[in-house]
Each structure stands twice: as structure tokens, then as C-alpha cells.
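Engineer: have a look; sequence and predicted model below, questions after that.
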Amino acid sequence: MFWDKYYGRKLTEEGFRNAIMQFLFNGYQIQVDVIPVILDKLRDLKTALENQNTYRFYSSSLLLMYNAQNDATSSLADEVDVRMIDFEKTTHGQMGLCIHEGPDQGFIYGLNNLIDTFRDMYQSLLHHKVQH
């Protein structure tokens with residue numbers, strides 16, 4: 001499956017949730033067990049960014065990965081990774097004409113939305129699983 005950046009720009013909120021569900025589908029089932037690990041890693045990233053005083057991550061992206069064929073010999077936390085990528089337009093301090101102070105509230109806002117989306121999906125999937 002391949003989607004370019006233009007695909008994501010056209011997604012509605014529901015379409016975004018569906019895209020995440022497709023990401024979590026390993027060909028047999030939705031990998032519900034990776035969601036708490038993804039949430040932990042997103043929250044860790046958010047904490048790290050909240051402690052950065054002058055950085056701005058313009059046009060940066062998040063890369064989320066997990067091993068859909070995780071075996072029982074490795075920790076699930078080792079099979080899931082969340083990384084920031086695309087730092088070409090990142091600035092800090094007094095680079096350029098703007099003086100940046102405090103954490104990058106725009107990036108943190110996006111992280112909060114992603115955390116909320118994964119959390120809501122996880123709760124919905126657990127509720128659906130309990131009913132069946």
C-alpha cells in the first residue's frame with residue numbers, strides 16, 4: 001500500500017481514522033496491542049518537545065512503525081517506533097527574523113490530536129471486543 005502526502009491532505013477526520021485502522025491491520029486482524037505502545041511513545045515525544053524552549057519543527061513529520069509479525073521472544077515496545085523526520089525547515093532560537101520562545105505549540109497541538117485519536121480508537125476497539 002502506498003499513499004503520497006496529497007492523499008493525507010484530502011482526508012476527513014473519519015478518513016484519517018480509517019487510514020490508521022488500515023495501518024494497524026496486519027492482513028489478519030487489527031493489531032490492537034500495539035496501540036498502547038504507540039500512545040506511550042507519542043506521550044514521551046510530547047514530553048520531550050514540551051521541554052524544548054526554542055525549537056520550531058515546520059513541515060516536520062512523524063513516522064510510526066511496528067512489526068506486524070512480532071514474535072513472543074521480543075518485547076512489543078521494541079517492535080514499535082515513533083520518530084520525527086523531515087527537519088529541513090526546523091529552526092531554533094533567533095535563527096532568521098523570528099525569535100522563538102517556549103515549546104513548539106503547533107507540533108504539540110498535532111501530537112495531542114494524534115494521541116486523542118489513537119486513545120479513542122483503542123477504547124472503541126476494546127469496547128467492541130468486549131461486546132463480541
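Structural biologist: Structure's in. What do you need?

Engineer: going forward, measure contacts and count neighbours with C-alpha atoms only.
Structural biologist: OK.

Engineer: Ser59: neighbouring residues, count only.
Structural biologist: Per other CA atoms under 10 Å, the neighbour tally for Ser59 reads 12.

Engineer: who are the neighbours in contact with it?
Structural biologist: The contact partners of Ser59, by CA atoms under 8 Å, 6 or more residues apart in numbering, come to Asp86, Phe87, Glu88, Lys89, Thr90.

Engineer: can you flag the buried ones in these?
Structural biologist: Neighbour-count burial (16 or more other CA atoms under 10 Å) is assigned to none of the contacts of Ser59.

Engineer: surely Phe107 and Phe57 touch.
Structural biologist: Yes. Proximity of Phe107 to Phe57 meets the contact threshold set by CA atoms under 8 Å, at 6.9 Å.

Engineer: now the longest helix along the chain: buried residues?
Structural biologist: Scanning the chain for the longest helix, with DSSP state H as the assignment, gives helix 105-131. Buried residues in helix 105-131, counted by 16+ other CA under 10 Å: Phe107, Ile108, Leu111, Ile115, Thr117, Phe118, Arg119, Met121, Tyr122.

Engineer: CSV please, covering those and showing pLDDT.
Structural biologist: Converted to CSV, the buried residues of helix 105-131 look like this (pLDDT from 0 to 100):
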residue, pLDDT
Phe107, 94
Ile108, 95
Leu111, 96
Ile115, 98
Thr117, 96
Phe118, 97
Arg119, 97
Met121, 95
Tyr122, 96
